[in-house]
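Asks: Model the following, please.
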Amino acid sequence: MQTPELKIGRYRHYKNKDYTVLGIAFHSETEEAMVLYQQEYGARNLWVRPYEMFLETVALDGQTVQRFEYLGPHGTQQD
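Replies: Residues are numbered from 1 along each chain as shown. All right, here's what the predicted structure looks like:
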């Protein structure tokens with residue numbers, strides 16, 4: 001099992017909420033790579049999303065955009 005590459009740090013979801021990627025985890029049964037990330041608002045919940053889905057593009061207002069856009073290392077501020 002090889003760990004896929006993904007920059008650790010801050011990302012903005014296409015719905016305009018910010019998250020911090022903490023690392024890559026693997027599903028215990030399927031060994032599917034999952035991205036572990038934390039919301040930077042509210043309760044600061046932890047989430048996992050399949051790696052491939054995290055990197056995919058989505059349609060937004062007739063344009064194709066990244067589901068998550070990398071903003072920089074954790075602790076950086078970008079609006």
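Asks: farthest residue from the center of this protein?
Replies: Gly62 (22.4 Å; C-alpha atoms, centre = their mean).
Asks: Report the contact partners of Arg12.
Replies: Asp18, Tyr19, Phe68, Glu69, Leu71, Gln78 (C-beta atoms under 8 Å, 6 or more residues apart in numbering). (Glycine included, C-beta is placed from N, CA and C.)
Asks: and what of Asn45?
Replies: Residues near Asn45 by C-beta under 8 Å, 6+ apart: Gln38, Gln39.
Asks: per-residue pLDDT, it?
Replies: pLDDT, Asn45: 98.
Asks: quick one: it and Arg67, what's the gap?
Replies: Look at Asn45 and Arg67: by C-beta to C-beta, to the nearest Å, they are 18 Å apart.
Asks: Next up, the contacts around Val21.
Replies: Here Val21 is in contact with Leu6, Lys7, Ile8, Gly9, Arg10, Tyr11, Val35, Leu36, Tyr37 (C-beta under 8 Å, 6+ apart).
Asks: which SSE is the second one in?
Replies: Read that as Lys7. Assignment of secondary structure by DSSP states H and E places Lys7 within no helix or strand.
Asks: what's the neighbour count on it?
Replies: 11 (other C-beta atoms under 10 Å).
Asks: correct me, but it touches Leu71?
Replies: No - if you go by C-beta atoms under 8 Å, Lys7 and Leu71 don't touch, sitting 9.9 Å apart.
Asks: can you pull out the strands in the protein?
Replies: For the chain, the strands defined by DSSP state E cover 9-13, 18-26, 33-39, 46-50, 57-60, 63-66, 68-72.
Asks: pLDDT value on Glu29, please?
Replies: Looking at Glu29, its pLDDT stands at 97.
Asks: What of Met1?
Replies: Confidence score, pLDDT, at Met1: 75.
Asks: Could you list the low-pLDDT ranges of this protein?
Replies: 76-79 (pLDDT under 70).
Asks: How much space separates Gln2 from Phe68?
Replies: 21 Å.
Asks: Those two - which one has more neighbours?
Replies: Neighbour tally, Gln2 and Phe68, criterion other C-beta under 10 Å: the higher count belongs to Phe68, 23 against 5.
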